[in-house]
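In: What follows is a predicted protein model with its sequence.
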There are 2 protein chains.
Amino acid sequence: MTTTVPTIKILQQATQPKWVEQAIANLDTVLLDHSHCERKAASFALNLMFRYPSYEKLVRQLTAIAQEELQHFEQVNQWLKKRNIPLAPLNSPPYGAALKALIRHNEPQRFLDFLLIASLIEARSHERLGLLAQHCPDPELAKFYKGLMASEARHYGIYWVLANEYFDPEIVEPRLTELSQSESEILATLHPEPRIHS
Amino acid sequence: MTTTVPTIKILQQATQPKWVEQAIANLDTVLLDHSHCERKAASFALNLMFRYPSYEKLVRQLTAIAQEELQHFEQVNQWLKKRNIPLAPLNSPPYGAALKALIRHNEPQRFLDFLLIASLIEARSHERLGLLAQHCPDPELAKFYKGLMASEARHYGIYWVLANEYFDPEIVEPRLTELSQSESEILATLHPEPRIHS
């Protein structure tokens, strides 16, 4: 299986075809995981506003992101209902925890890392929803994924712009390269449980 | 100063006039605290969905609540901007932590307590926004508070209905009476820092 989705600019390595095979063979589980991802993305944005409540531009833009993630959460849950997939908890793949472990503990590095990790997760989600849009056998669901892709792209852009708003681009770029390298390494081994970020 | 807002049904004691005096004398601080309250209310709803991801009705209704709280957060922040109040962190009054301490540790009691505490906080917010709507010297801001009141009333109703959906009303009522009693006791001593829940 080959993929024609180009590598997203800030990602070092494109997703391997074996992830696409795993995801398409387990679409229902991936859809349930996707629901959790949207809720987690909204929580991430809210937590960041809680940590940095004085940063006006950040608060304004993350409010919009959180609202949009909640809309997607709702939409994905409607898809679950349509396909008779009951809401249920699901183990997270190692991806999120592995990325979180890279966040430095001291400020302002911690703030920069939060923004860049968020940007990378959104970029990877954008890439993978694009792959699902391309390979999903259900044309309606494929269309839905295609619609969400654009939002994820906007979100990764917003987190990247915020990083460059609050930090010197000369500090942002090398750190993004480091984190992006790690992000690709984390995904180099396919997690056995099918997930958006397996 | 007297208040004509009636006691909200599930609250044991109406807010004392001294809170109204404190709030009206410190409207800017109360408005900033209100912004934090809206963000916290959205986070609370998201965290509850995270804890109980399989409860379809809960997830559906709390998604709507979280979305609405984020809209209010945005609107309150616009008011802050209008009044040139910069976004800033603010110490929480003891209210939230004192209520949280009442939540029992074992399930399913924990779940019931989460729903009832949320219902009480929303009911108290409804009552206090009503008092602000009534006493606020700025008619535009008073109108805004009046608009929000209705949502808070709906939210406390939703949490109460969810409690009665997942638990026998014969279990819900006595526990609500206990928690409501404690909630009024917590507020009997006015917190010296002006807050929505001081």
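Out: That came in fine, so what should we check first?
In: My understanding was that residue A:98 contacts residue A:186; is that so?
Out: Yes. Contact criterion C-beta atoms under 8 Å: residue A:98 and residue A:186 qualify, at 4.7 Å. In short, each C-beta sits where N, CA and C put it, glycine included.
In: These two: which has the busier surroundings?
Out: Taking neighbours as other C-beta atoms under 10 Å in any protein chain shown, residue A:98 and residue A:186 compare with residue A:186 leading, 20 against 15.
In: tell me which element the more buried one is part of?
Out: Element membership for residue A:186 (DSSP states H and E) is helix A:169-188.
In: Around chain B, which positions in chain A sit nearby?
Out: Along chain A, the residues adjacent to chain B under the rule C-beta under 8 Å from any C-beta of the partner chain are A:36, A:39, A:42-43, A:46-47, A:49-50, A:53-56, A:59-60, A:63, A:66-67, A:70-71, A:73-74, A:77, A:86-89.
In: change it to 6 Å
Out: A:43, A:46, A:53-54, A:56, A:59, A:63, A:66-67, A:70, A:74, A:87-89 (C-beta under 6 Å from any C-beta of the partner chain).
In: Which members of the residues you listed occur in helices, if any?
Out: A:43, A:46, A:56, A:59, A:63, A:66-67, A:70, A:74 (DSSP state H).
In: which two in the residues you listed are spaced the farthest apart?
Out: Within these, A:56 and A:74 form the most distant pair, 27.8 Å apart (C-beta to C-beta).
In: more crowded one of the two?
Out: Between residue A:56 and residue A:74, counting by other C-beta under 10 Å, residue A:74 is the more crowded of the two (16 against 13).
In: The spatially closest residue to the more buried one that is not a sequence neighbour: how many residues sit nearby?
Out: Distance criterion C-beta to C-beta, 6 or more residues apart in numbering or on different chains; nearest residue to residue A:74, sequence neighbours excluded, is residue B:63 at 5.3 Å. Using other C-beta under 10 Å, the number of residues around residue B:63 comes to 21.
In: Pull up the gap between the closest residue to residue A:180 other than its chain neighbours and chain B, please.
Out: In space, and not counting its chain neighbours, residue A:180 is closest to residue A:12: 4.9 Å by C-beta to C-beta, 6+ apart. With distances taken as C-beta to the nearest C-beta, to the nearest Å, residue A:12 is found 31 Å from chain B.
In: I'd assumed residue A:184 was in contact with residue A:12.
Out: Yes. With contact defined as C-beta atoms under 6 Å, residue A:12 reaches residue A:184; the gap is 4.2 Å.
In: how about CSV for the ones in helices among the residues of chain A next to chain B, with pLDDT added?
Out: Converted to CSV, these look like this (pLDDT from 0 to 100):
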residue, pLDDT
A:43, 96
A:46, 96
A:56, 94
A:59, 96
A:63, 97
A:66, 96
A:67, 96
A:70, 96
A:74, 96
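In: and the angle for the lowest-mean-pLDDT helix or strand in chain A with helix A:169-188?
Out: Lowest by mean pLDDT, DSSP states H and E among the helices and strands of chain A is helix A:139-166, with a mean of 92. Interaxial angle, helix A:139-166 versus helix A:169-188 (axes from the mean of the first three to the mean of the last three C-alpha atoms, to 10 degrees): 150 degrees.
In: where does residue A:85 land in three-state SS?
Out: coil (DSSP: H, G, I helix; E, B strand; the rest coil).
In: burial count for it?
Out: 16.
In: thinking again about what came up before, and the ones in helices among the residues of chain A next to chain B as CSV, adding distance to residue A:198?
Out: Below are these laid out as CSV (distance: C-beta to C-beta, whole Å):
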residue, distance to residue A:198
A:43, 20
A:46, 25
A:56, 37
A:59, 33
A:63, 30
A:66, 25
A:67, 28
A:70, 24
A:74, 24
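In: my guess is residue A:88 meets residue B:56, correct?
Out: No. The pair residue A:88 / residue B:56 is not scored as a contact, 10.3 Å apart, by C-beta under 6 Å.
In: Show the pLDDT at the residue nearest to residue A:180.
Out: The model reports residue A:12 with a pLDDT of 93.
In: Let me see the contact set for it.
Out: Shown in contact with residue A:12 (C-beta atoms under 6 Å, 6 or more residues apart in numbering or on different chains): A:180-181, A:184.
In: where does chain A have low pLDDT?
Out: A:1-8 (pLDDT under 70).
In: rewinding a little: make a ChimeraX selection of the buried ones in the residues of chain A next to chain B.
Out: Buried residues among the residues of chain A next to chain B (16 or more other C-beta atoms under 10 Å in any protein chain shown), as a ChimeraX selection:
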select /A:43,46,53,59,63,66,67,70,74,87
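In: As CSV, the residues of chain A next to chain B with distance to residue A:148 would be great.
Out: Putting the residues of chain A next to chain B into CSV (distance: C-beta to C-beta, whole Å) gives the following:
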residue, distance to residue A:148
A:43, 18
A:46, 20
A:53, 29
A:54, 31
A:56, 28
A:59, 24
A:63, 19
A:66, 16
A:67, 15
A:70, 13
A:74, 12
A:87, 19
A:88, 21
A:89, 22
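In: Look up how far residue B:43 lies from residue A:131.
Out: 32 Å (C-beta to C-beta, to the nearest Å).
In: Not counting its neighbours along the chain, what's nearest residue A:122?
Out: Per C-beta to C-beta, 6+ apart, closest to residue A:122 is residue A:156, 3.7 Å.
In: Hmm, that neighbour is touching residue A:123, no?
Out: Yes. Counting by C-beta under 6 Å, residue A:156 touches residue A:123, with 4.1 Å between them.
In: For burial, what's the neighbour tally of residue A:170?
Out: 7.
In: residue contacts, it?
Out: Counted by C-beta under 6 Å, 6+ apart, residue A:170 has zero contacts.
In: I'd like the distance between the closest residue to residue A:165 other than its chain neighbours and chain B.
Out: Nearest non-adjacent residue to residue A:165, counting by C-beta to C-beta, 6+ apart: residue A:57, 6.2 Å away. Remark: distance between residue A:57 and chain B (C-beta to the nearest C-beta) = 10 Å.
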